[in-house]
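Trainee: model this:
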Amino acid sequence: RYPWAGDPRPMWRFWDAFGMRGVRLLGWWDPDCPVRTGRPEVPATVYQRPGKVLVALASWASEPVTLSLRVDWAALGLTPDPRVLRAEPIAGFQEAATFAADAALPVAPGKGWLLTIE
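Mentor: Numbering: from 1, shown residues only. Prediction:
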């Protein structure tokens, strides 16, 4: 959840740009969630649209962690190559970044990523 201290409008603009209305939610608790982190303290939730996916990572780890996503590309309706994970800039939340689909992702304690895959 977005913290109360701060301006939520950049996050709302990001959600609007992604198109959150009508997405299919596959939560970290769902055994069929097609994205896993391999780290129970850093769960992944998927918001799926045709041809476009948003992966939300949130860390409850007490230290920085590095992880690679395990993605069931067929379940997402995507092919694995060449795919990138894109972190769009969201003021007060995350800086812009691009990662290879198989890259090691740094995740700070109490932080996370919103990553789009197209």
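Trainee: how many neighbours does Pro82 have?
Mentor: 7 (other Cβ atoms under 10 Å). No exception for glycine: its C-beta is placed from N, CA and C like everyone else's.
Trainee: For it, give its distance to Val107.
Mentor: 23 Å (Cβ to Cβ, to the nearest Å).
Trainee: for this protein, what spans make up the helices?
Mentor: 9-18, 73-76 (DSSP state H).
Trainee: List the residues that contact the nearest residue to Gly6 once chain neighbours are set aside.
Mentor: Of all residues not flanking Gly6 in the chain, Gly92 sits nearest, at 4.8 Å (Cβ to Cβ, 6 or more residues apart in numbering). Gly92 sits next to Gly6, Asp7, Pro10, Met11 when contact means Cβ atoms under 8 Å, 6 or more residues apart in numbering.
Trainee: was I right about the last one contacting Pro89?
Mentor: No: counting by Cβ atoms under 8 Å, Pro89 is not a contact partner of Met11; they are 11.5 Å apart.
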